[in-house]
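1. Provided below for reference: sequence and predicted model.
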Amino acid sequence: MKKWVTITGASSGIGKALAFEFASKGYNLFLTSQDELPLHQVAAQCRQQYNIETQAYVADLCHLESVDGLIAALFAAPIEVEFLVNNAGFGVGGEFLKTDLARELDLLNVQLAAMLKLTKAVLPQMMARKKGRILNVASVYSFAPVPFQAVYSAAKAFLLTFSEALGEELKHTGVTVTTLCPGTTQTEFRARAGIAQKDKAAGASPEAVAKIAVRQALKGKRLVVPGFANRVFVFFTRRLPVSVVPRVVRYINRARGVNE
């Protein structure tokens, strides 16, 4: 059977970079995003550059009925999903008292509800084949409560905890779960979340993050934190008292020029 990878949020940023990285390794791509034109462009470029098959499905994962439509399209393809990448997500920055609740609920639908529904849908086939990989894109903020990004960091913490637990449940089944926790990456993420930053060129390229993520996920590694500085951040946030961590993160972000 041909190898297929399904990637959510594949039209830009890390998702787009992951699409090209998997394509370079001979995977066929089932890509989804709410941004129709960029999504079809990524699919076409990967198909032409690497001579693979691609399918693109436009879906707004804020709406759970759209997730159901995506799952139906995935099974109607028909393809065997060897690799599921739950990458779609966005941030909401600002003081929780003033942020838009509807937008934050959309955030939870995209990053958590859609991820759970997709994982639940493809897992039985993977288990039956005794082969499959799941890559969940979280963040270094999975390890720390982040003031002025409270809902986002909490969602990423959920994603990490769920992935670790599921990975242990699936131990010795042939199915692996990898959590990718990148730090600052050169994407439009912060701009879309309304978060200012002094150095817009700071951080790793999405291509570098994708290369590391795919390599380690293919090895079945549980946790991937790209970059030495990010690993240092995770090391200390895991060891500092929980009450101290939000203050430390707030100080770091203020020094970086991340607005509050």
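-> Perfect, thanks for sending it. Residues are numbered from 1 along each chain as shown.

2. pLDDT below threshold where in this protein?
-> For the chain, the stretches flagged by pLDDT under 70 are 1, 186-203, 259-260.

3. change it to 80
-> Within the chain, the segments meeting pLDDT under 80 span 1, 185-203, 255-260.

4. which helix is the longest one in it?
-> In the chain, assigned by DSSP state H, the helix with the most residues is helix 150-169.

5. Enumerate the positions of that one that are buried.
-> For helix 150-169, a neighbour-count test (16 or more other CB atoms under 10 Å) marks 150-160, 162-163, 166-167 as buried. Heads up, the C-betas are built off the backbone N, CA and C, glycines and all.

6. What helices and strands are in contact with it?
-> helix 101-108, helix 114-129, strand 132-137, strand 175-180 (3 or more CB pairs under 8 Å, 6 or more residues apart in numbering; DSSP states H and E).

7. Run through who's touching it.
-> Contacts to helix 150-169, defined as CB atoms under 8 Å, 6 or more residues apart in numbering, come from residues 86, 89, 91-93, 96, 99, 104, 107-108, 111-112, 115-116, 119, 134, 136, 138-139, 141-146, 176-179, 181, 193, 222-223.

8. For PyMOL, write the selection for the buried entries among those.
-> The following PyMOL selection, which keeps only the buried ones among those, applies the criterion 16+ other CB under 10 Å:
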select buried, resi 86+89+91+92+93+99+104+107+108+111+112+115+119+134+136+138+139+141+142+143+144+145+146+176+177+178+179+181+193+223
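
9. what's the spacing between the closest residue to Gln41 other than its chain neighbours and Val151?
-> Sequence neighbours aside, Ser11 is the residue nearest to Gln41 in space, at 7.9 Å (criterion: CB to CB, 6 or more residues apart in numbering). From Ser11 across to Val151, the span is 23 Å (CB to CB, to the nearest Å).

10. coming back round to it: can you classify the residue nearest to Gln41 by secondary structure?
-> At Ser11 the chain is in coil, as set by DSSP: H, G, I helix; E, B strand; the rest coil.

11. Next, please give the residue ranges for the strands of the stretch 1-150 of the chain.
-> Applying DSSP state E, counting those that start in this stretch to the stretch 1-150 of the chain gives strands spanning 4-8, 28-33, 54-58, 81-86, 132-137.

12. how about TSV for those, with distance to Leu18 added?
-> Output for the strands of the stretch 1-150 of the chain, formatted as TSV (distance: least, CB to CB, whole Å):
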stretch	distance to Leu18
strand 4-8	6
strand 28-33	10
strand 54-58	13
strand 81-86	6
strand 132-137	8
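
13. Thr185 is nearest to which of those strands?
-> Thr185 sits nearest to strand 132-137 of all these, at 10.3 Å, using CB to CB.

14. what is the orientation angle of that closest one with strand 175-180?
-> If you take axes from the mean of the first three to the mean of the last three CA atoms, to 10 degrees, strand 132-137 sits at 20 degrees to strand 175-180.

15. For strand 132-137, give me every contacting residue.
-> Under CB under 8 Å, 6+ apart, the answer for strand 132-137 is 14-15, 18, 81-87, 89, 115, 119, 122-123, 125-126, 159, 162-163, 166, 174-180, 182, 213-214, 217-218, 220.

16. Direction included, what does that strand pair up with?
-> Strand 132-137 sits in its sheet next to strand 81-86 (parallel), strand 175-180 (parallel), going by DSSP bridges.

17. Give me the buried positions along the first one.
-> Neighbour counts over strand 81-86 (16+ other CB under 10 Å) mark Val81, Glu82, Phe83, Leu84, Val85, Asn86 as buried.

18. residue contacts, Phe83?
-> By CB under 8 Å, 6+ apart, Phe83 lies in contact with Lys3, Trp4, Val5, Thr6, Phe22, Tyr27, Gly132, Arg133, Ile134, Leu135, Ala217.

19. Good, wrapping up.
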